[in-house]
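S.K.: predicted model and sequence follow; I will ask about them next.
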Amino acid sequence: MLKTRIIPCLDVADGRVVKGVNFTDLIDAGDPVEAAKAYDAAGADELCFLDIHATHENRGTMFDLVTRTAEQCFMPLTVGGGVRSHEDVRNLLLAGADKVSFNSAAVNDPDVIASAADRFGSQCIVCAIDAKSVAPDRWEIFTHGGRKATGIDAVEFARTVVAKGAGEILLTSMDRDGTRAGFNLPLTRAISDAVDVPVIASGGVGTLDHLVDGVTKGGASAVLAASIFHFGDFTIAQAKAHMAAEGIPMRLI
Amino acid sequence: MSLTVLVDYDSGNLHSAQKAFERMAQEGDLGTITVTSDPDLVAKADRIVLPGDGAYPSCRAALDDFTGLFDAISQKVKSGTPFMGICIGMQMLATRGLEFTETAGFGWVPGEVVRIEPADATLKVPHMGWNDLVVDQPHPVLSGIATGDHAYFVHSYHFKVANPADLIAHVDYAGPVTAIVGRDNVIGTQFHPEKSQATGLRLIQNFLTWAP
């Protein structure tokens, strides 16, 4: 049986983990490769690197980081942040990423998904969707870290990018991100019902029950979290054991 | 010194596979790993690995774009050189692929590559993530790997073998999905051993010592 995935996400800026990762045995808490190795050993199902200050000038830093991670961690790695073109996807895949995530570039032009999926296959093309509630049961895409409204309906947009060839949706609720109040479940449910590709729920995890809800109530195929793992509130093993106890199929280590 | 070649034909991520094979070769003193598109080097190989990500037709076309490469692989395989296909590299072992259009495979393991259609319509396609293997028959490459061990999958099509004797392992996704095929000196994994942590590394190590 296919297992629900737990994906720790590392926010990276200029090649360093933002705010660090608080594992006791880590030599350098700010080194993404060290953190990746720790999560690999801890039994995380996938890893996600998000380049939060991606600029043209620092692309090389990210490629180097992905290369070094792939040399040491034999587990799936998704990389996002500032991905704009074919060439970005190709370079990240060659460096060792398994999946590459488009965000604002896909909002500006959903066809960028189509061309990348045609060339590299849907299996490696993720579309990140950052959405905010604008009315009951209506969510809109926001860009620029949630500051800029686009007027685009999130559910409609998810259908569009999947039709273009996105193989997975990384859904972040911008009104929950950082709040530790739990995923936006109606949003997660609406998107995961609307598309037939896996949806990763993200934004707002504060407790292990939130992870459970994302799957059982939100319909997500995977759950992504950052701070609850980075700051040592819970281990990956604790999260998996809790979800398994709630009846969710997990890969236990 | 034993030489294992990873065939590079411009289809996907070779870096991870290369590093995983290098690590296992180094740990077990199992020879050298070389990434190449050169038919002459393939002709000298003791083992051949064909990875591949992407759509079936484009992977097949990309392989054929390298003059003499497929012929070199084919000749070696016919003379008994151990061969491992990964993901699309495994699917191309089939008689044909039916992704988008009908594409001829190598025909080394009879069968067709068809879209995954789980009996439970709520299940998502691609089949993406960790699934537990059900071993259908013992194989030297599975030494130390048992039913219940997890491997990492990401694919929308799978290999329906014509002959059950060629099915080495499958997983359950509201119906069986082929995980490993094998026949004579040829083996193929639908999942990515280079992404399957300890189980995958073990399988790679087994392949590097396999003497069919």
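M.R.: Perfect, thanks for sending it. Numbering: from 1, shown residues only, chains lettered A, B, ... in the order given.
S.K.: so which residues of chain B form strands?
M.R.: Taking DSSP state E as the criterion, chain B carries its strands at B:3-7, B:32-36, B:47-50, B:83-86, B:96-97, B:103-104, B:111-115, B:127-132, B:134-135, B:150-155, B:157-161, B:167-172, B:176-183, B:186-189.
S.K.: could you export the ones you listed as CSV, including distance to A:Val112 and mean pLDDT?
M.R.: In this view, the C-beta of every residue, glycine as well, is placed from N, C-alpha and C. Listed next are the strands of chain B as CSV, based on distance: least, Cβ to Cβ, whole Å; pLDDT from 0 to 100:
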stretch, distance to A:Val112, mean pLDDT
strand B:3-7, 30, 98
strand B:32-36, 29, 96
strand B:47-50, 30, 98
strand B:83-86, 28, 98
strand B:96-97, 27, 96
strand B:103-104, 26, 96
strand B:111-115, 25, 97
strand B:127-132, 21, 97
strand B:134-135, 39, 98
strand B:150-155, 21, 96
strand B:157-161, 24, 97
strand B:167-172, 33, 98
strand B:176-183, 31, 98
strand B:186-189, 31, 98
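S.K.: for A:Glu168, which of those is the nearest?
M.R.: strand B:127-132 (6.5 Å; Cβ to Cβ).
S.K.: contacts for that closest one next, please.
M.R.: Applying Cβ atoms under 8 Å, 6 or more residues apart in numbering or on different chains, the contact partners of strand B:127-132 are A:1-5, A:45-46, A:123, A:167-168, A:198, A:221-222, A:251, B:116, B:118, B:147-156, B:158, B:171-173, B:177, B:179, B:191.
S.K.: show the buried residues in these.
M.R.: Buried members of the contacts of strand B:127-132, scored by 16 or more other Cβ atoms under 10 Å in any protein chain shown, are A:2-5, A:45-46, A:123, A:167-168, A:198, A:221-222, A:251, B:116, B:118, B:149-156, B:158, B:171, B:173, B:177, B:179, B:191.
S.K.: quick one: list the elements packing against the helix or strand where A:Leu224 lies.
M.R.: Per DSSP states H and E, A:Leu224 falls inside strand A:222-225. Here strand A:222-225 touches strand A:5-13, strand A:199-202, helix A:208-216, going by 3 or more Cβ pairs under 8 Å, 6 or more residues apart in numbering or on different chains; DSSP states H and E.
S.K.: tell me which of the ones you listed sits most buried.
M.R.: Highest mean neighbour count of those: strand A:199-202, a mean of 30 (counted as mean count of other Cβ atoms under 10 Å in any protein chain shown).
S.K.: what does chain B have sitting close to chain A?
M.R.: Selection of chain B residues close to chain A by Cβ under 8 Å from any Cβ of the partner chain yields B:12-16, B:19-20, B:23, B:53-55, B:58, B:123-132, B:150, B:152-156, B:171-173, B:192, B:194-197, B:200-201.
S.K.: ok so, going back, tell me which of the strands of chain B lies nearest to A:Met62.
M.R.: Of all these, strand B:150-155 sits nearest to A:Met62, with 21.6 Å by Cβ to Cβ.
S.K.: send me the strand holding A:Leu224 as PDB with only the CA atoms.
M.R.: Extracted C-alpha coordinates of strand A:222-225, given in PDB (Å, rounded to 0.1, in the frame of the first residue of the first chain):
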ATOM      1  CA  ALA A 222       1.600  14.200   1.800                       C
ATOM      2  CA  VAL A 223       2.200  16.700   4.600                       C
ATOM      3  CA  LEU A 224       4.900  19.300   4.700                       C
ATOM      4  CA  ALA A 225       6.100  21.000   7.800                       C
END
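S.K.: tell me the helix or strand right after it.
M.R.: Using DSSP H and E, the helix or strand that follows strand A:222-225 towards the C-terminus is helix A:227-230.
S.K.: wait, A:Ile228 sits on A:Thr235?
M.R.: No: counting by Cβ atoms under 8 Å, A:Ile228 sits too far from A:Thr235 to count as a contact (9.8 Å).
S.K.: which of the two has more neighbours?
M.R.: In terms of neighbours (other Cβ atoms under 10 Å in any protein chain shown), A:Ile228 is the more surrounded of A:Ile228 and A:Thr235; the figures are 20 against 14.
S.K.: which residues touch that one?
M.R.: A:180, A:205-207, A:234, A:239.
S.K.: if we can go back for a sec, run me through the strand neighbours of the strand holding A:Leu224, direction for each.
M.R.: strand A:5-13 (parallel), strand A:199-202 (parallel) (DSSP bridges).
S.K.: tilt between the first one and strand B:127-132?
M.R.: Which is strand A:5-13. Here the directions of strand A:5-13 and strand B:127-132 differ by 120 degrees (axes from the mean of the first three to the mean of the last three Cα atoms, to 10 degrees).
S.K.: okay, buried residues for the longest strand seen in chain A please.
M.R.: In chain A, assigned by DSSP E, the strand with the most residues is strand A:125-135. Residues A:125-133 are the ones in strand A:125-135 that count as buried (16+ other Cβ under 10 Å).
S.K.: count the neighbours of A:Ile248 for me.
M.R.: The tally of other residues near A:Ile248 (other Cβ under 10 Å) stands at 17.
S.K.: looking at the contacts of A:Ile228, which is nearest A:Asp28?
M.R.: Using Cβ to Cβ, A:Phe234 comes nearest to A:Asp28 of the contacts of A:Ile228, at 22.3 Å.
S.K.: can you tell me how far the closest residue in space to the closest one that isn't next to it in sequence is from B:Ser79?
M.R.: What sits nearest to A:Phe234 in space, not counting adjacent residues and going by Cβ to Cβ, 6 or more residues apart in numbering or on different chains, is A:Ile228, at 5.4 Å. The gap separating A:Ile228 from B:Ser79 is 55 Å, by Cβ to Cβ, to the nearest Å.
S.K.: now A:Ser104
M.R.: 53 Å.
S.K.: let me know whether B:Gly31 touches B:Ala25 as I believe.
M.R.: Yes: between B:Gly31 and B:Ala25 a contact is recorded at 5.8 Å, counting by Cβ under 8 Å.
S.K.: which of the two has more residues huddled nearby?
M.R.: Neighbours were tallied for B:Gly31 and for B:Ala25 using other Cβ under 10 Å; the higher tally belongs to B:Ala25 (18 against 15).
S.K.: can you give me the helices in the stretch 1-150 of chain A?
M.R.: Shown for the stretch 1-150 of chain A, the helices assigned by DSSP state H, counting those that start in this stretch span residues A:32-42, A:59-72, A:86-95, A:104-108, A:111-120.
S.K.: A:Ser104 and B:Ser79: which is more packed in?
M.R.: In this view A:Ser104 and B:Ser79 are compared by other Cβ under 10 Å, and A:Ser104 has more residues nearby, 20 against 8.
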